[in-house]
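# Predicted model, plus sequence, below.
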Amino acid sequence: MIEPTTALSRYRTLLVWGAILAVYLTLALAGLSTQDLDGDELIASSVIHRLSPRDLIFNRYQEGNCPLYYLLAREWLKVFGHSLFTFHLFSVAIGAIAVFAMGGLARELGAGKWAAGAALLWAMHPTLQFYARYTRPMIGVLLFTTLAMWLTARAFRLGTAQAWRAAWIVGALGSFWNHMIAVAWIGLMLAVAVTPPWRRERRFWRAIAIILPLHLFNLLCVVWASSYDNDPMGWIKNPQGARWIAPFLEIIGGWTGGVPALIVSLAILAAAAWGAAELWRRRGVASPWRLVAPCAFLPIVVAITVTCLVKPMLIPRYLAVVAPGMFLFLVWALTRLQSHVAIACAIFIGAMMIAAAPANIARHRNGLFEAVGKLDQMLNRDTDKVAAFNFMTREALRLYPEHRIRAFEPPGNDPEFKKKMDENIGNSSRLWVVSSFNRHRTPKHAEWKKLTRRPFFNETIAEVSLCGYQLRPAK
């Protein structure tokens, strides 16, 4: 990425990139050890913990996901232990690689001294920081999209077999990570097709001939596995009114519930409009920036078209592929402003990104950690039993640090309800019931009503319900 020529420049380079990494980790690790997991994250943790690699692959395809993230996370957790913090740390590590990849891409695009500035702003970007704290594949979408642009631009510049091999290997791996990465490669294909000096490069088309069929293969695997009475996207509703624009603003600059992130979004949109107009004006020039525009805009067109013609998909995490390309237009704009103006703009935008961090952290809070901690304080492990109404809640009780509370799932409306409940409860004095994410399906059995007639404790913390019932006098 950087080739220092002297010892002094080498130390300066290490210092600069070490400082960028420190900024990224400071924001990404803040409060991470006590951060909640949402329902999807708990499902991911549960399947990684319970399933063999083969079953994990099929399960992920069945739920509409590519399997590579989950397989790598499984190996990561085997090495570092399966805890709340180490599970989060996997996404943080991927985000760190994405920061350095953005610096390399900016340098490849000719940003010069702004390459480090691009990496620093990307390290603070609300979207990158949000998904670096989210234990799902979206952080990898940001990484693989950035790598696709960087390695393609690098391969065109170097023209070596090794450079092209690196590009198609990363493209092939991305096909097993997330479907939307295919849209970035289609965008790169369009950029090359309309640029005369590039379109004659056969090695690019050979790479595309490998990458896009692999993406199609993974899409067909999802369609086949999802046919087993499952609709992974069935919960998404058609957007109404201003909700059409909200997901794009959120992924471009961060959650629009906060003014700082909205300012970042609008600044990036303004830069993207300026950059796109300039690239169109100079459309005959084979600038590496031409690779950026399709990766930024084509996913937006695809998402809107699919939503209008097939089924809704305007969910921010499905649009993560947009973020790197749109952010690069901000870098492009900074390189074209006068030095002092560019520095002032970068400082202001960086300040807005940092100001958006508390809202980013708050979005990951759903009350689960607080509720489990409160249960742990009140629970007598010798005389009490805990019932969890869905496997996500059981996974939270198993996973959360310092608690690791064993729980059973009530048998529902089973004809042998009383027998199974007696087996689970035994001679316990109290029963605690935990339910989360509005998944509390109370059994209608008469025996359940007898057990839960008089709660001595009943509290709802955000999205989590915690109830305590006295079964018999304490000994």
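Right, received. Where do you want to start? Residues are numbered from 1 along each chain as shown.
# Which secondary structure state does R74 sit in?
Under DSSP: H, G, I helix; E, B strand; the rest coil, R74 falls in the helix class.
# Neighbours of it, how many?
R74 has 19 neighbours, counted by other CB atoms under 10 Å. Just so you know, the C-beta spots here come from the backbone N, C-alpha and C atoms, and that holds for glycine as well.
# what do you get for S287?
S287 is flanked by 16 other residues according to other CB under 10 Å.
# ranges for the helices of the stretch 201-350 of the chain?
202-226, 246-253, 259-281, 292-309, 322-336, 339-355 (DSSP state H, counting those that start in this stretch).
# Nearest to L120, out of these?
Counting by CB to CB, L120 lies closest to helix 339-355 out of those; the figure is 7.2 Å.
# Just checking, which helix or strand of the protein averages the lowest pLDDT?
Sorting the helices and strands of the chain by mean pLDDT, DSSP states H and E puts helix 446-451 at the bottom, at a mean of 74.
# just checking, what packs against it?
Contact here means 3 or more CB pairs under 8 Å, 6 or more residues apart in numbering; DSSP states H and E; on that basis helix 446-451 packs against helix 417-425.
# other SSEs contacting the helix it packs on?
Secondary-structure packing of helix 417-425 (3+ CB pairs under 8 Å, 6+ apart): strand 384-388, helix 446-451.
# same thing but 10 Å
Packing partners of helix 417-425 (3 or more CB pairs under 10 Å, 6 or more residues apart in numbering; DSSP states H and E): strand 384-388, strand 430-436, helix 446-451.
# S428 touches N380, doesn't it?
Yes: using CB atoms under 10 Å, S428 is in contact with N380, at 9.2 Å.
# Which of the two has more residues huddled nearby?
Remark: of S428 and N380, S428 carries more neighbours, 17 against 11, as counted by other CB under 10 Å.
# What ranges in this structure fall below the confidence cut-off?
For the chain, applying pLDDT under 70 flags the ranges 1-5, 225-237, 241-242, 256-257, 284, 400-404, 412-414, 437-445, 472-475.
# Can you pull the domain assignment for it?
Structural domains annotated on the chain: 7-363, 368-470, as defined by automatic domain parsing.
# picking that back up, nearest to I347, of the helices and strands packed on helix 417-425?
I347 lies closest, by CB to CB, to one member of those: strand 430-436, at 41.4 Å.
# okay, now L220: neighbour count?
11.
# Oops, could you answer that again for L15 instead?
Neighbours of L15 under the rule other CB under 10 Å: 10.
# what comes up buried for whichever strand or helix holds it?
Counting by DSSP states H and E, the element that carries L15 is helix 7-29. Of the residues in helix 7-29, V16, W17, I20, L21, V23, Y24, L25, L27, A28, L29 count as buried by neighbour count, 16 or more other CB atoms under 10 Å.
# circling back to that earlier point, which of the domains of the chain is buried the deepest?
When these are scored by mean count of other CB atoms under 10 Å, the highest mean neighbour count falls to domain 7-363 (a mean of 19).
# what's the spacing between that one and its chain's center?
In terms of CA atoms, centre = their mean, to the nearest Å, the centre of domain 7-363 is found 9 Å from the chain centre.
# The helix holding L15 packs against which elements?
In terms of contacts (3+ CB pairs under 10 Å, 6+ apart), helix 7-29 is packed against helix 84-108, helix 114-124, helix 126-132, helix 339-355, helix 357-363.
# To V301, which of those helices lies closest?
helix 126-132 (19.6 Å).
# still on that earlier bit, would you convert the helices of the stretch 201-350 of the chain into JSON lines that also reports distance to D422?
Shown next, in JSON lines, are these (distance: least, CB to CB, whole Å):
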{"stretch": "helix 202-226", "distance to D422": "39"}
{"stretch": "helix 246-253", "distance to D422": "49"}
{"stretch": "helix 259-281", "distance to D422": "53"}
{"stretch": "helix 292-309", "distance to D422": "51"}
{"stretch": "helix 322-336", "distance to D422": "54"}
{"stretch": "helix 339-355", "distance to D422": "56"}
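# before we move on, back to that, which one of the buried residues of helix 7-29 sits closest to W332?
For the buried residues of helix 7-29, the minimum distance to W332 (CB to CB) is 19.5 Å, reached by I20.
# okay but that closest one is in contact with L27, surely?
No: in this structure I20 lies outside contact range of L27 using CB under 10 Å: 11.5 Å.
# so what sits against both of the two?
A123, M124 (CB atoms under 10 Å, 6 or more residues apart in numbering).
# what are the C-alpha coordinates of stretch 293-301, in CSV please?
The C-alpha trace of stretch 293-301 is given here as CSV (Å, rounded to 0.1, in the frame of the first residue of the first chain):
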residue,chain,number,x,y,z
ALA,A,293,-19.7,5.5,-9.9
PRO,A,294,-21.5,2.2,-11.0
CYS,A,295,-20.7,0.6,-7.6
ALA,A,296,-22.3,3.6,-5.9
PHE,A,297,-25.4,4.1,-8.1
LEU,A,298,-26.2,0.7,-9.7
PRO,A,299,-27.2,-0.9,-6.4
ILE,A,300,-29.7,1.9,-5.8
VAL,A,301,-31.2,1.3,-9.2
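# rewinding a little: now distance to E395 too, for the buried residues of helix 7-29, in JSON lines please.
Shown next, in JSON lines, are the buried residues of helix 7-29 (distance: CB to CB, whole Å):
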{"residue": "V16", "distance to E395": "41"}
{"residue": "W17", "distance to E395": "37"}
{"residue": "I20", "distance to E395": "35"}
{"residue": "L21", "distance to E395": "31"}
{"residue": "V23", "distance to E395": "33"}
{"residue": "Y24", "distance to E395": "28"}
{"residue": "L25", "distance to E395": "27"}
{"residue": "L27", "distance to E395": "27"}
{"residue": "A28", "distance to E395": "23"}
{"residue": "L29", "distance to E395": "23"}
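# A161: which of these is nearest?
Among the buried residues of helix 7-29, W17 lies closest to A161 (CB to CB), at 28.9 Å.
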